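Engineer: Need a 3D model of the following:
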Amino acid sequence: MLKIENINNNYYNAGKSLSVKTSPAITSSNTSIPSDLKRVTGQNVLAYYPSFGAGKDKTSVSKKQQINTIKSKIDRNTQILLNRLEQKGIMENNSSNDGSTVLDNLYKIATEPRISGLSTKQILTEVIQALNNPYSITQKFGDIPSNVAREISQETGKDFPSQALNVVSSSCVVASMEFNLAQKMPAEFVRFAQGLSGKNYCVDKNINMSAIDSNYATGLWKLKSFNSEYKIDNWDNVTVRIKPDRSAIVRARVQTSYRDKGERSCVDALIQSALLNLGSQNTYDALTDERAGIFNQDKNGLTDFEKTFVETIVFEKPKISVVYQNIDENGYLTGYNAEPNETKEHILKSLRLGQNVIVGYTHLDEDKKVNGGHEITIVDYEQDADGTEYFVCNDTDDNLDESVRYKVNDLLPLIHHAGISKEALGKDDIICEPWREIITEFQQMLAAEKAGA
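Structural biologist: Numbering: from 1, shown residues only. Here you go, the predicted model:
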C-alpha cells in the first residue's frame, strides 16, 4: 500500500536541474484561505473578478468549403497529410473545451488574422504535421540570430540578454503536455494553436472547480496563488485565461523565419511558453527560458506542484502529484514511498483508463545523488516473448519523431513523481498531496518574516 503522509518536500524541477529542500511534516490538511477570498459570497462572486468572454463561435460555411479554404493555404505535401486526417475522422474530432472541432479551428487559422510576423501557411502546416505525428513535437529551442538580437535591442533600447541566444531547454514537462494534447485531444490542440497565434494571443478554458480542487475555497486559493487570470462563472465553473509572455512572440517569429531541423516549431514555442507562464505564476520569460514565482527556488522548469496545477487546467481533470522517491536535504535518494509493483500498477491502471502518464525521473550518480531530472510521457505497455516488460514512451528531447521503449525495471526506480488521476490510485492508498507541504512551509516563512519585521 502506498502511504505518503510525511513527505520530504522535493522541489523537483522538470528541466535541466533539480533543487531539493526539506519542509516540516504535515500536521493538518486544512488550508489557510486569504481573508479577501473569505468575503466572496453568492451575491458578489460574479462581480468580484474581471470578466472576459469564452463564447462558442459558429460558422455557416460548409465543411467542403472549409476544407477547400484550408487546402488553398497549404502546399501539396501538407494537403496529403490533411487528407489523412479526414480519412481517420480526426477533422470531426471535437475534444475541445468549447466543443469546436479540429476542422473549425483549422479554418479559423486559415481565415482569421495571425500575429504580425507569423505565417498562416506555416502554422497550418505545423499543426497538421503534429496531428499526423505528435511525436514530432520537441522542446528544443532555436538559436536567435545576431541580427535579430540587434534589431530587438534597437527597438527596445535595452541590451539583448546574451543567455537568450542559445538556450538549453527546460520545457520538457510542458512539451509533454503539448504532446498529450495533440495525441489525446486534437481539437483542443488546434484551438490552442489558433488562439495563441491569433489577435487575442490567449486561450480561455472553462473548468469545473472540482477539477482544480475538491474544496471550492482551496481551488480559489490555488488560482489566486498562481496569479491566474480568471473569472468565476458560477458556483461550479471558472474560466481561466492562458497566455504566453510577450517574449514568446519573438521566439515564435524566429522559428517562423529561422527554424532549423530538430528545433521547435512556431506552434511549439507558443504553446510551451503559455503553459510555462501559467505554471510559474506568470513570471516566465521565453527569451531566456527563466522564471521566478513563489513556489520554485530554481529559475528553470516547473516543480511537480506547478506541473500538476498546469496539467489539471489544461486537461480539465484533477491530477495528484504522487511523489515516489524520498530525497534528503543534501540531494541523495534515501528510499521510496511505494513498492515498485505499486508504482507500476498506478501507471498501468492509468493506461487502461486511456490516460497517458507524464513522469519525472531523476538522474542519479553512483552514490545515488540526484544531479538532474527530466520529464517523459508513458503512452503504452508492452511485453516481449521472453517476458521482458517495457514502457512505451515519448521523449521530447531525444531527437526522434517516434516512440521509444524503456525497460520497466530500469525506469521504475528512477521515477520521482507522476501525475496520477484519483481513479488510477488504489483504494487503500493514502495520499497527502505535496502542495500542502509547500503551502505549510510558505506560510511559516511569511510568519517568520513578519515576526522579524
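Engineer: in stretch 343-360, what counts as buried?
Structural biologist: Within stretch 343-360, the residues that count as buried by 16 or more other CB atoms under 10 Å are 343-351, 355-360. From N, CA and C alone the C-beta is placed, and that goes for glycine too.
Engineer: Looking at the residues you listed, which is nearest Thr303?
Structural biologist: Nearest to Thr303 among these: Gly360, at 9.6 Å, using CB to CB.
Engineer: Let me know the helix or strand that the closest one is in.
Structural biologist: Taking DSSP states H and E as the definition, Gly360 sits inside strand 357-364.
Engineer: Which element is encountered next along the chain beyond that strand?
Structural biologist: Remark: after strand 357-364, the chain's next helix or strand is strand 370-383, criterion DSSP H and E.
Engineer: quick one: that next one to strand 357-364, angle?
Structural biologist: With axes from the mean of the first three to the mean of the last three CA atoms, to 10 degrees applied, the angle from strand 370-383 to strand 357-364 works out at 130 degrees.
Engineer: Only alpha carbons, please: show stretch 250-257 as PDB.
Structural biologist: Coordinates of each C-alpha in stretch 250-257 appear next as PDB, following Å, rounded to 0.1, in the frame of the first residue of the first chain:
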ATOM      1  CA  VAL A 250       9.900  36.900 -30.500                       C
ATOM      2  CA  ARG A 251      10.600  33.100 -30.200                       C
ATOM      3  CA  ALA A 252       7.600  32.300 -32.500                       C
ATOM      4  CA  ARG A 253       8.800  34.800 -35.100                       C
ATOM      5  CA  VAL A 254      12.300  33.500 -35.000                       C
ATOM      6  CA  GLN A 255      11.000  29.900 -35.500                       C
ATOM      7  CA  THR A 256       8.900  31.200 -38.400                       C
ATOM      8  CA  SER A 257      11.900  32.700 -40.300                       C
END
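Engineer: chain center to it, what's the gap?
Structural biologist: Offset of stretch 250-257 from its chain centre (CA atoms, centre = their mean, to the nearest Å): 21 Å.
Engineer: List the buried residues for it?
Structural biologist: Residues Val250, Arg251, Ala252, Arg253, Val254, Gln255, Thr256 are the ones in stretch 250-257 that count as buried (16+ other CB under 10 Å).
Engineer: got the contact list for the host helix or strand of the third one?
Structural biologist: Taking DSSP H and E as the criterion, the element that holds Ala252 is helix 247-258. For helix 247-258, contacts defined as CB atoms under 8 Å, 6 or more residues apart in numbering pick out 115, 117-119, 122, 141-145, 148, 152, 197, 201, 263-266, 268-270, 273-274, 277, 285-287.
Engineer: Just the buried residues from those, in PyMOL please.
Structural biologist: With 16+ other CB under 10 Å as the burial test, the buried ones among the contacts of helix 247-258 are selected in PyMOL as follows:
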select buried, resi 115+118+119+122+141+142+144+148+152+197+201+263+264+265+266+268+269+270+273+274+277+285+286+287
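Engineer: and the contacts of helix 247-258, which of them are in helices?
Structural biologist: Secondary structure assignment by DSSP state H places Gln122, Val148, Ile152, Ser197, Cys266, Asp268, Ala269, Leu270, Ser273, Ala274, Asn277 of those in helices.
Engineer: Tell me what angle the helix or strand hosting Arg191 forms with helix 247-258.
Structural biologist: Using DSSP H and E, Arg191 maps to helix 186-197. Angle, helix 186-197 to helix 247-258, by the same axes, to 10 degrees: 100 degrees.
Engineer: Let me know the closest of the buried residues of stretch 250-257 to Asp428.
Structural biologist: Distance ranking of the buried residues of stretch 250-257 against Asp428, using CB to CB, places Arg251 first at 46.3 Å.
Engineer: Let me know the distance separating that closest one from Phe141.
Structural biologist: Remark: distance between Arg251 and Phe141 (CB to CB, to the nearest Å) = 8 Å.
Engineer: What of Leu103?
Structural biologist: To Phe141, Leu103 is 31 Å away according to CB to CB.
Engineer: go on, Ile313?
Structural biologist: From Ile313 to Phe141 the distance is 24 Å (CB to CB).
Engineer: again, but for Val392
Structural biologist: Val392 sits 27 Å away from Phe141, going by CB to CB.
Engineer: could you show me where the strands are in the stretch 51-200 of the chain, in order?
Structural biologist: With DSSP state E, counting those that start in this stretch as the criterion, the stretch 51-200 of the chain has no strands.
Engineer: ok, back up a step: need the residues that contact the strand holding Gly360.
Structural biologist: 12, 14, 18, 173, 176-177, 180, 304, 307, 311, 325, 327, 333, 346-347, 350-351, 370-378, 411, 414-420.
Engineer: Not counting its neighbours along the chain, what's nearest Ser119?
Structural biologist: Take Ser119 and drop its neighbours on the chain: the residue closest to it by CB to CB, 6 or more residues apart in numbering is Thr256, 5.4 Å away.
Engineer: In contact with Ser228, which residues?
Structural biologist: Taking CB under 8 Å, 6+ apart, we find Ser228 in contact with Val240, Arg241, Leu278, Asn282.
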